[in-house]
Structure formats: structure tokens, C-alpha cells
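Visitor: here's my sequence, what's the structure:
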Amino acid sequence: MRPLTEQLLEHSRALPEGSLLTASSLRRFGKRGAVSKALSRLAQGGNLQRIDHGIYVRPIPTQFGLRPASAESVVASLALLWGEAIASHGAVSANRLGLTTQVPIRAIYLTSGRSRSLQLGNQTLELRHAPAWQFTQAGRLSGQGSELGLTRFGD
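Guide: Model (predicted):
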């Protein structure tokens with residue numbers, strides 16, 4: 001039988017970019033404690049990146065080395081995992097709509113959950129709590145953006 005770390009690494013390679021790995025979602029590979037320890041070892045070896053406590057994502061191999069998964073795909077996966085509404089910050093939406101040519105440097109997202117900061121490679125994802133009324137346009141181009149997998153107005 002192959003070691004647990006090899007099984008988890010092979011499984012992570014089959015997942016799409018930005019898919020999250022947690023010990024509870026990988027129970028079929030073994031006991032939760034063993035899976036958690038194997039995920040930790042893979043992160044220490046550079047095969048996975050730790051985003052938050054118990055949440056890991058696979059870096060993407062390129063011809064220049066490994067790069068972190070895209071922030072948008074990770075945030076979309078986090079929204080599903082936590083059951084929260086997460087939308088991009090207003091400055092990103094303004095740029096996407098062509099209202100400004102300025103591209104935001106920091107990755108800031110609004111969330112219906114608690115505020116927190118997550119580390120994705122060298123980039124910090126900042127999730128800021130926002131009231132529910134700010135998510136009324138989350139499924140439309142003006143409120144969210146298509147890269148998080150949501151539909152545009154009229155689609």
C-alpha cells in the first residue's frame with residue numbers, strides 16, 4: 001500500500017486549480033488525525049500551501065517553478081467551504097467595468113462572515129466583514145465579476 005502522503009498528493013493533482021484540501025474532506029484516505037498530519041507534512045515539503053488552520057491548496061506548476069493558485073479560485077472555494085457570501089471589493093469591480101484603469105494591488109474581498117486575513121503564497125487575501133445589503137449585486141457583473149464563477153446580468 002502506498003504512503004498516505006503520496007495518495008493525498010495524487011488526489012490533489014487531479015483537482016482543479018484553487019480546490020481546497022481539508023482533513024475532514026479527505027476522510028476516505030484514513031483517520032482524520034493521520035490525514036491532517038500528512039497534509040501538514042506536504043505543506044512543510046512545499047507540495048501544498050497552507051491558507052488557514054487546516055485548509056490547504058496545491059500550488060500550480062509552471063515552466064518557471066510553482067506559483068500559488070489564483071486568488072479568485074481560492075476565494076470561490078472558500079465561499080463554498082464556509083457557506084459565506086464573498087464578493088470582490090468595489091475597486092476591483094470598478095476596474096472590471098472599465099470605470100477606472102487603476103488596478104488594485106491588495107486582494108480585498110467582502111464577506112458575510114468574520115473579517116480575517118489569509119496567506120496565499122506571498123499574497124495576503126484580506127476578507128472584510130460587510131453588511132448583507134452590499135451583497136445584493138453579488139451575482140451580477142457590477143457586483144462580483146465573472147472569475148468567481150457567478151453569472152452575469154442577463155445570462
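Visitor: burial count for the residue nearest to G30 when sequence neighbours are not counted?
Guide: Nearest residue to G30 in three dimensions, chain neighbours excluded: L4, at 5.6 Å (Cβ to Cβ, 6 or more residues apart in numbering). The C-beta positions use only the backbone N, C-alpha and C, and glycine is treated the same way. L4 has 19 neighbours, counted by other Cβ atoms under 10 Å.
Visitor: then G113?
Guide: With other Cβ under 10 Å as criterion, G113 counts 15.
Visitor: mind checking how far the worst-scoring helix or strand of the chain on mean pLDDT is from the chain centre?
Guide: Within the chain, no helix or strand scores below helix 90-96, which has a mean of 77 by mean pLDDT, DSSP states H and E. Distance of helix 90-96 from the chain centroid (Cα atoms, centre = their mean, to the nearest Å) equals 19 Å.
Visitor: residue ranges with poor pLDDT in this structure?
Guide: In the predicted model of the chain, residues 1, 137-155 satisfy pLDDT under 70.
Visitor: where along it do the helices fall?
Guide: With helices called from DSSP state H, the chain shows them at 4-14, 32-44, 71-82, 90-96.
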